[in-house]
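Asker: sequence and predicted structure, then a few things I'm wondering about:
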Amino acid sequence: MNRLLARLFVLLLALPAMAWAQNTPQLHLSRITLSAGMHLINAQVAATNEQRAIGLMFRKEMPTSEGMLFVFEQPSSQCFWMKNTLLPLTAAFVADDGTIVNLADMKPQTLQSHCSAKPVRYVLEMNQGWFAKRGIKAGSKLGGRPFEMRR
C-alpha cells in the first residue's frame, strides 16, 4: 500500500510539469539546412509522431529564414491544421525529389485541414508569405540532404 501511495504522490507531483511541457514550443529539435533557389532555410526536423503532433504549436515568433520540416516514413496524403499554432504559416507539401507539390496558407488557431494534392513524405512550414515573396511555388524544387538521398 505504501508503494502505491508513493507512486501516486510522484505522479501528482509530475502532473503540473507535464501540463506545462505540453503548452511550450519545441525549440530544441535537430536542424537541417535546406535551399529554395538561392535562399537558405534553417529548418527544425520533426521526425517522430510526437514531434510532428506538436509541430510549431505555441511559438510566438519565428525568424524569417527558419521553418520546420516534417518527415514521414513513407509518402501518403498529409493534412495539417493549426490548433494551438499562433503564427500564420504556409505549408509546402514536398515530393521525395524536393519538388513542391502544392502550397497552403494556414490561419492561426484554426481546425481547417490543409492537405497535400498527392502523397508526399515531407511538409515544410514557413512563416506565411515566405514562399510567395521569393517567387517559390508549386513545381519549384527544394534542395538539401533529405531530397538528395531520394533522387
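Answerer: Great, that's in hand.
Asker: would you mind measuring from H39 to L87?
Answerer: 19 Å (C-beta to C-beta, to the nearest Å). (C-beta placed from N, C-alpha, C; glycine too.)
Asker: now the helices for this structure?
Answerer: 2-22, 49-54, 130-133, 145-148 (DSSP state H).
Asker: thinking again about what came up before, looking at H39 and L87, which is more packed in?
Answerer: Per other C-beta atoms under 10 Å, whichever of H39 and L87 has more neighbours is L87, with 19 against 16.
Asker: test my guess that that one contacts T64.
Answerer: No - assessed by C-beta atoms under 8 Å, L87 is found out of contact with T64, at 12.0 Å.
Asker: give me the common contacts of those two.
Answerer: Residues touching both L87 and T64 (C-beta atoms under 8 Å, 6 or more residues apart in numbering) are N127.
Asker: where does this structure dip in pLDDT?
Answerer: 1-22, 149-151 (pLDDT under 70).
Asker: just checking, what's the longest strand in it?
Answerer: Counting by DSSP state E, the longest strand found in the chain is strand 66-76.
Asker: how about the CA coordinates for that one, as CSV?
Answerer: Extracted C-alpha coordinates of strand 66-76, given in CSV (Å, rounded to 0.1, in the frame of the first residue of the first chain):
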residue,chain,number,x,y,z
GLU,A,66,13.6,29.4,-40.2
GLY,A,67,10.9,26.7,-40.6
MET,A,68,10.0,23.2,-39.7
LEU,A,69,10.4,20.1,-41.9
PHE,A,70,8.0,17.3,-41.1
VAL,A,71,9.4,14.0,-42.2
PHE,A,72,7.2,10.9,-42.6
GLU,A,73,8.2,7.3,-43.1
GLN,A,74,6.6,7.0,-46.5
PRO,A,75,4.7,9.1,-48.9
SER,A,76,1.0,9.5,-48.2
